[in-house]
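Chemist: Need coordinates for the below:
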Amino acid sequence: MADALDAELLERWTALAGPGGVRYGRRLIGCYRESHRRYHTTEHLAYVLDVVDLLEAEAAASLHHAQNALGAFFRR
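Modeler: Next up, the predicted model:
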């Protein structure tokens, strides 16, 4: 891995994909590190993972809200 960002990206990727995804995470980061890349860089990958984190949090909040609504409905 080239730097601290790569280590962070691999950690975040593994948190999403599970331990079996380490090999693919390393390969993905390596591809994003290729010298010809101008837009799809490791910084772009970090941004994409930020968006995934936001979507995951929103989905969890929506699920929690739905569970509460259903619970209130069935407690009537």
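Chemist: Contacts only, for W13.
Modeler: W13 sits next to G21, V22, Y24, G25, L28, I29, L49 when contact means C-beta atoms under 8 Å, 6 or more residues apart in numbering. All C-beta atoms are positioned from the backbone trio N, CA, C, and that covers glycine.
Chemist: so what pLDDT did it get?
Modeler: Looking at W13, its pLDDT stands at 95.
Chemist: got the contact list for the most centrally placed residue in the chain?
Modeler: By C-alpha atoms, centre = their mean, the mean C-alpha position of the chain lies nearest to L49, the distance being 3.9 Å. L49 makes contact with L9, R12, W13, L16, according to C-beta under 8 Å, 6+ apart.
Chemist: how deep is the nearest residue to the first one once chain neighbours are set aside tucked in, by neighbour count?
Modeler: Counting by C-beta to C-beta, 6 or more residues apart in numbering, the nearest residue to L9 once its immediate chain neighbours are dropped is I29, at 5.4 Å. Applying the criterion other C-beta atoms under 10 Å, we find 19 residues in the vicinity of I29.
Chemist: Offset the numbering so it begins at 9, please.
Modeler: In the new numbering, first residue 9, that becomes I37.
Chemist: does I37 sit in a helix, a strand or a coil?
Modeler: Taking DSSP: H, G, I helix; E, B strand; the rest coil as the rule, one finds I37 in the helix state.
Chemist: I'd assumed L18 was in contact with it.
Modeler: Yes: between I37 and L18 there is a contact under C-beta atoms under 8 Å: 6.2 Å.
Chemist: returning to what we had before: top of the contacts of L57 by neighbour count?
Modeler: In the contacts of L57, the most neighbours by other C-beta under 10 Å go to L17, 23 neighbours.
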